[in-house]
Every structure is written in structure tokens, then in C-alpha cells.
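Q: attaching a predicted model along with its sequence, questions to come.
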Amino acid sequence: MTGLTRKQTAAYLMFLILMWGINWPLSKYALNFTPPVLFAGLRTLIGGLLLIAIALPRWRKLRFKENWLIYVVSALLSIVFYYGFQTVGLQYMPAGIFSAIVFLQPVLLGLFAWLWLGEGMNGLKLVGLLLGFAGVAAMSVGGLEGGMSAAGIVLALLSALSWALGTVYNKKMAPKVDMLWMTAMQITIGGVVMLVYGSFAESWSAIDWAAPFIWDTAFISVFVIALGWSVYFKLNGSGEASKVASYTFLIPVVSVIVSVLFMNEHITANLVVGFALIVASILLVNAKTGKLKEAAS
């Protein structure tokens, strides 16, 4: 990666993996208090408004008239579809299994980045991406005991697809926009869209404003959404999207562990197999080929 030191990159990755891993069981827990779409809109809108407050000193870089379409498309792909499919889908499946299926995303992103961003693709990277998917597949099929739902699987796959497309679109549009404003606007627009839709499709009176729900929502809004997405795009802007994606295979591992510890979901040997495949995936995707190139020249 370029633009960040190794220590900075490692710190950002650790923060992202931890926060986004915790997100899945926290979101699953919140559904005990709220309808899904209103919750998705509420947490994203709060996160977006926080980022707008941070971005205000550089308001000249917003250029909304020029970039509004970029902001809207990004909001639909990365926020509305991703969080919409995710939050509804969590009603049908355990959080650990659902998050594992969503992590087909790094494989899709690796392919899309090769096709549309011109990132390199070699045999090691391809094998690594496939191993990563095999790892999350091992966890989703048998890593946890719990009900599998056809609707849940479809929603998880759609969530993965929208996330991958949104990441590629954001990286392609990055030279045209200020990334802080891009992140703030896509999250805010996405939150507004989901809240408007949720207000028609669901009932605000169905929300139980208990203290655990308020703290849960506040944590997700600040650390998972506002800071999490900022870190994610910072990492993607400083290096290859497919390499960043390879590390995100660790997110469902965190999700599974937290779900087992706090959500009474049960673990089997498949988790160990899945984790080993994910580690192998990260090593292969990030393997340096410089020595091979020097030998060939």
C-alpha cells in the first residue's frame, strides 16, 4: 500500500476488523427492539451527520452541484442496498452465519477491481481469494449450528454484491471528489432514503427506546459507520482494493467469536478450518512478486 506507513495500515485494519466484526451481533441484538429498515436508516443517518460535522471546515470541497449524482449512486450501492439487505436478512439467520456469507464480497471485489480498476491479477491472488471464500463458506455451512434460510442467503449475497460494486465505484470516483465529503454524503443520503422508506413500510411506535438499544445504536453509528467507513475508504485509497478486501475476510471470524460468546450461537470444528483458509488467503493475496519479476528481468 502507498500513502500509509505499515504501522498506520495495521492499526487501521485492526480497528476496522474489530468494529465491523462486532457490528453483526450488535445489529442482530438491536432487532429485538426495532423494525429493521428504520434501524438501518437511523444508525446510518446519525453516522452521516457526525461526518458532516467533521467535514464542515472543508465545505468548499463538497461541490454538491457537480458531484450530487456520484453521491447518490454511491449511497444506493454502499449504504441503502448494503445495509438494507443486511439488516432485513439478519432476521432470517444467525449473525455469524449471515456475516460469513456476505464475505463473498472480497472475492467479488478482487474480480471487479481487476476488470474495472486495472488492478493486477495473478495465480496466487486468485487462489488466495478463492481460499478466502472457501474459509467463509466453511463457517457458513457448518461453522455454527443454526437455521439456514433461503431468503437469508439471497439477502446476504445481494449485500455482498452491492458492497463490492459500491467499493469499486467509490475508488473509481475518488479523483473527482473529496473522500471525507464522499463518505459523509453517501452515508447521510443512504440514511435519509432508508428512514423515509422505513417510515412508510414500518411503524415508529414499534421501536422500544430502551437504554440497551440506545447505547447499541450510538456505538454502531459512531464506531461502525462514521469511523468504520472513513477508515475503509482511507485504506482503499492508499492501496489495492483487492488487498484490503483480503483482510476483511477476518471480519466474520470476529463476528462468529462474538456471536458464540454473547449471542449463544454454537461453534464447531468448521470454524477452525475456515480460519486457517482465511489466513492462507491473506498471505497469498498479499504475497510480493517482486523477486519473481527481478529474476525474470
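A: Received, thanks. Computed from a prediction, not measured in an experiment: that's the story for all the values here.

Q: hey, let's count contacts and neighbours off CA atoms from now on
A: Noted.

Q: Ala113 contacts Val168, doesn't it?
A: Yes: counting by CA atoms under 8 Å, Ala113 touches Val168, with 6.4 Å between them.

Q: the two: who's more crowded?
A: Higher neighbour count among Ala113 and Val168: Ala113, with 24 against 21, using other CA atoms under 10 Å.

Q: just the helices from the stretch 1-150 of the chain, written as ranges.
A: Remark: helices assigned in the stretch 1-150 of the chain by DSSP state H, counting those that start in this stretch are 6-30, 36-55, 64-75, 82-89, 95-102, 105-116, 123-138, 150-173.

Q: which other residues reach the fourth one?
A: Outside of helix 82-89, the residues that reach it under the criterion CA atoms under 8 Å, 6 or more residues apart in numbering are 27-28, 36-37, 40, 98, 151-153, 155-156, 158-160, 162-163, 194.

Q: now do Trp116: how many residues are near it, please.
A: 11.

Q: no, scratch that, I was asking about Leu50
A: By other CA under 10 Å, 18 other residues sit near Leu50.

Q: which ones are touching the residue lying closest to it once chain neighbours are set aside?
A: In space, and not counting its chain neighbours, Leu50 is closest to Ala226: 6.8 Å by CA to CA, 6 or more residues apart in numbering. Neighbouring residues of Ala226 by CA under 8 Å, 6+ apart: 47-48, 50-51, 184.

Q: any low-confidence regions in the stretch 1-150 of the chain?
A: Scanning the stretch 1-150 of the chain with the threshold set as pLDDT under 70 gives 1-3, 96, 139-148.

Q: cutoff 90 now
A: 1-10, 24, 28, 83, 86-150 (pLDDT under 90).

Q: of the contacts of helix 82-89, buried ones?
A: Buried subset of the contacts of helix 82-89 (neighbour count, 16 or more other CA atoms under 10 Å): 27-28, 36-37, 40, 98, 152-153, 155-156, 158-160, 162-163, 194.

Q: returning to what we had before: just curious, which of the contacts of Ala226 is nearest to Trp68?
A: Distance to Trp68 across the contacts of Ala226 (CA to CA) is lowest for Ala184, with 12.4 Å.

Q: could you pull out the buried residues of the host helix or strand of the closest one?
A: Using DSSP states H and E, Ala184 sits within helix 179-201. The neighbour-count check on helix 179-201 (16+ other CA under 10 Å) flags 179-195, 198 as buried.

Q: who's in contact with the next helix or strand after that helix?
A: Later in the chain than helix 179-201, the nearest helix or strand by DSSP H and E is helix 211-219. With CA under 8 Å, 6+ apart as the test, helix 211-219 has contacts from 26-27, 30, 33, 43.

Q: mind checking the end-to-end distance for stretch 50-60?
A: One end of stretch 50-60 to the other measures 18 Å (CA to CA, to the nearest Å).
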